[in-house]
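S.K.: coords please:
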Amino acid sequence: MQGLHEKAFTQASSEPDEAFWAQQELDSLMDMGARTAITALYRTALPVGGCTLDLMCGAMSHLPEDATFQEFIGLDINKAALKANQALSRAVEQDLNSTPLLPFDEASFDGALLCDGLAYLTKPQQVIEELFRVLRPGAPLIVSFSDRFVPAKAVAIWQALEPEDRVRFTSALMQRAGFTELDTGEVVPPEDLTAWQDTVRAVIGRRPVAG
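M.R.: Now for the predicted structure:
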């Protein structure tokens, strides 16, 4: 992160995050096609049956309908969104911009998700490092996002970057935290589907297995 402007992670709105997000609609910014693409990604890349963390989960986790977990924990700043998310077996309310440390033991999750949330983190490196800490060796972190975001709360650097550079930025954060086997990709909407306008981009990395 060397060379970044000192205000790279500032937000346009100074309203406290908790109050701001409490006023927002619970519906995802992603359109139906993008949500379907995220679900397809999870079907192929997310291990099931164990313990999974959905960070900044919102009201929807976009899981495949047949996916089952020992425990599926969601963390978000918005209490109403957590209550509305029916996929969760446990909900944790936390403002990651004021408290980036995660309240979980080291190596306690078999997978982690961060969908459409990275744009709003003012301390993204610390949060990604925390995700690395709480994942078990070999477990994946799946970071995904579309081109849409809330301008009032997306940090300055996210808004300044082109979509392809957001993928590079995300990859750099994950590599610096220690993630390996990074895989990037995107799904572009077909031209004949008017209900799908959002390109979906993703970066997947794994906590390496020791030895």
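S.K.: make it CA atoms for all contacts and neighbour counts henceforth
M.R.: Will do.
S.K.: measure the residue nearest the centre of the chain to V143 for me?
M.R.: In the chain, the centroid-proximal residue (Cα atoms, centre = their mean) is L114; its distance is 1.6 Å. Distance from L114 to V143, counting by Cα to Cα, to the nearest Å: 5 Å.
S.K.: Assumed the residue nearest to the centre of the chain was part of a helix.
M.R.: No: assessed with DSSP: H, G, I helix; E, B strand; the rest coil, L114 is strand; it does not lie in a helix.
S.K.: What's opposite it in the beta bridge?
M.R.: For L114, the beta-bridge partners are L55, V143 (DSSP bridges).
S.K.: who touches it in this structure?
M.R.: L114 is in contact with 54-57, 141-144, counting by Cα atoms under 8 Å, 6 or more residues apart in numbering.
S.K.: And E6, by the same measure?
M.R.: Contacts of E6 (Cα under 8 Å, 6+ apart): none.
S.K.: That one and S89: what is the separation?
M.R.: For E6, the distance to S89 - Cα to Cα - is 39 Å.
S.K.: again, but for P137
M.R.: P137 is 23 Å from S89, by Cα to Cα.
S.K.: Of these two, which one has the most company?
M.R.: P137 (18 against 12; other Cα atoms under 10 Å).
S.K.: looking at this structure, which helix or strand is least sure?
M.R.: helix 32-45 (a mean of 90; mean pLDDT, DSSP states H and E).
S.K.: Show me how far that helix is from its chain's centre.
M.R.: 14 Å (Cα atoms, centre = their mean, to the nearest Å).
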